[in-house]
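K.L.:
only the shape, not the letters, is given here:
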Ligand code: HCR
């Protein structure tokens, strides 16, 4: 949101921004940044990053496909095969999620803070057997900002749902970002995968050239038991290369916890470039390395979005059109004016709702208490992976000190879930 007058904004230099940051803690709505670091893209659009390689997402349910490379001496079965496809698809999403602004705009930028009820929709259309993959994204909360999404392909019975909230904290010249939420990938009728979201930080702030570096871990837990832990490291740490990761794949969480059990596979490299897979037996000796994924060689598949003139007023690109133009033109006054129009409209809508005594209703997603979450495998998968089901940073271990730091007494955790019926009944927004 605009938190200052246009004159303030025009004079808001990077040095001032950096000084202000010293005491910053909050979310996107409270972060004021100089105009040249603003992006004309709303955070609701980020949901598409989960599937810019639809072929890799859909390969997870191709029963005829054998995961390549295949190693001799490893006992493959259908579940392990699928798990490897899931891990490869997940690694393929990271470059879009965390590097794409650097590629398209030269550095990380501050995205537009979506308004309540803002939606972003589109599709990836392919010939059979891939068929059409739909992407729905909705801003389900403004304070704090939370975006929920659903990406589904009925032809291949693959669907992904999730939500995301980023909590920002500035310390040691770095902006640290904890992600709340998770993703759930459903394949066919019975197989589901819980995917946790990594912590990240923004580096390059002193040089006014911000970029994202991931830290911490992602866990992937499947219904059949397979468990993966992906550990992120940055430049100057372990490998010395930026965007590095190491992923260990186990038959189960128990195998992971048992120090004597080697992983089935170890994958390492750069998530924004090349990664290599070894069997658990070969990894230490670096024997028989095989390419796992090459992010530089896979062109992304651009989501098809309706022209702005055909969009509803709630659709992101239409709603932010004037602001986006002003940002692209670098016109400080226009940015301020156009943002104010949008924000005032939102304020008056909330006031009207309050006066009428009703609350804004989310469109395609429901906030479901964890003990009533019967439509997803979240509870089962979290307990298999011994992960917290509470409203705590994604990937927090159940029963850990870290978990208790975030807990609020007597508060039952609630998570956003896609309600397919609501989408099927949708009459105003179409793709
Ligand atoms: C932290 C961030 C907003 C949140 C963005 C999230 C976490 C959103 C969900 C996506 O699935 C993944 C994702 C990717 C982005 O890397 C991350 C953004 C990076 C920067 C932005 C800050 C709020 C902007 C800070 C402003 C700086 C550049 C001065």
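P.N.:
Noted; the coordinates are in hand. Nothing here was measured: the structure is a model prediction, and the numbers come from that model.

K.L.:
and stretch 51-65, what's buried?
P.N.:
By 16 or more other Cβ atoms under 10 Å, the buried positions in stretch 51-65 come out as 51-62. From N, CA and C alone the C-beta is placed, and that goes for glycine too.

K.L.:
what residues does the stretch 151-300 of the chain put near the ligand?
P.N.:
By Cβ under 6 Å from any ligand atom, the residues of the stretch 151-300 of the chain that approach the ligand are 164, 166, 168, 175, 177, 179, 202, 210, 212.

K.L.:
immediately after the helix or strand bottoming out on mean pLDDT in the chain, which helix or strand?
P.N.:
One helix or strand of the chain scores below all others by mean pLDDT, DSSP states H and E: helix 6-10, with a mean of 51. On the C-terminal side of helix 6-10, the closest following helix or strand by DSSP states H and E is helix 14-21.

K.L.:
how far does that next one sit from its chain's centre?
P.N.:
Mean-position distance between helix 14-21 and its chain equals 27 Å (Cα atoms, centre = their mean, to the nearest Å).

K.L.:
that helix and the ligand in contact?
P.N.:
No - Helix 14-21 lies out of reach of the ligand by Cβ under 6 Å from any ligand atom, never closer than 7.2 Å.

K.L.:
just the residues contacting that helix, thanks.
P.N.:
For helix 14-21, contacts defined as Cβ atoms under 8 Å, 6 or more residues apart in numbering pick out 32-34, 37, 170, 175, 205-206, 208.

K.L.:
where do the strands sit along the stretch 101-250 of the chain?
P.N.:
Along the stretch 101-250 of the chain, the segments classed as strands by DSSP state E, counting those that start in this stretch run 110-112, 119-125, 132-141, 146-153, 158-171, 174-187, 191-196, 199-203, 211-215, 217-222, 227-233, 244-250.

K.L.:
could these go into TSV alongside mean pLDDT?
P.N.:
Output for the strands of the stretch 101-250 of the chain, formatted as TSV (pLDDT from 0 to 100):
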stretch	mean pLDDT
strand 110-112	96
strand 119-125	98
strand 132-141	98
strand 146-153	98
strand 158-171	95
strand 174-187	96
strand 191-196	98
strand 199-203	94
strand 211-215	95
strand 217-222	98
strand 227-233	97
strand 244-250	97
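
K.L.:
now those strands as TSV including mean neighbour count?
P.N.:
Formatted as TSV, those follow (neighbours: other Cβ atoms under 10 Å):
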stretch	mean neighbour count
strand 110-112	20
strand 119-125	22
strand 132-141	23
strand 146-153	25
strand 158-171	21
strand 174-187	20
strand 191-196	23
strand 199-203	20
strand 211-215	20
strand 217-222	24
strand 227-233	22
strand 244-250	22
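
K.L.:
closest to residue 25 out of those?
P.N.:
Residue 25 sits nearest to strand 158-171 of all the strands of the stretch 101-250 of the chain, at 5.2 Å, using Cβ to Cβ.

K.L.:
in its sheet, what does that closest one sit against?
P.N.:
If you go by DSSP bridges, strand 158-171 pairs up with strand 25-26 (antiparallel), strand 146-153 (antiparallel), strand 174-187 (antiparallel).

K.L.:
can you give me the buried ones in the longest helix anywhere in the chain?
P.N.:
In the chain, with assignment by DSSP state H, the single longest helix is helix 78-105. Neighbour-count burial for helix 78-105 flags 80-102 (criterion: 16+ other Cβ under 10 Å).

K.L.:
report the separation between residue 354 and residue 113.
P.N.:
Distance check for residue 354 against residue 113: by Cβ to Cβ, to the nearest Å, it reads 21 Å.

K.L.:
what about the two, which has more around it?
P.N.:
residue 113 (20 against 10; other Cβ atoms under 10 Å).

K.L.:
relative to the ligand, how far out is that one?
P.N.:
Computed as Cβ to the nearest ligand atom, to the nearest Å, the residue 113 to the ligand distance reads 9 Å.

K.L.:
now do the contacts for that residue.
P.N.:
Contact analysis of residue 113 by Cβ under 8 Å, 6+ apart lists 1, 28-29, 42-43, 145.

K.L.:
over to residue 174?
P.N.:
Taking Cβ under 8 Å, 6+ apart, we find residue 174 in contact with 201-203, 205.

K.L.:
6 Å instead?
P.N.:
Residues near residue 174 by Cβ atoms under 6 Å, 6 or more residues apart in numbering: residue 201.

K.L.:
sweet, I'm off.
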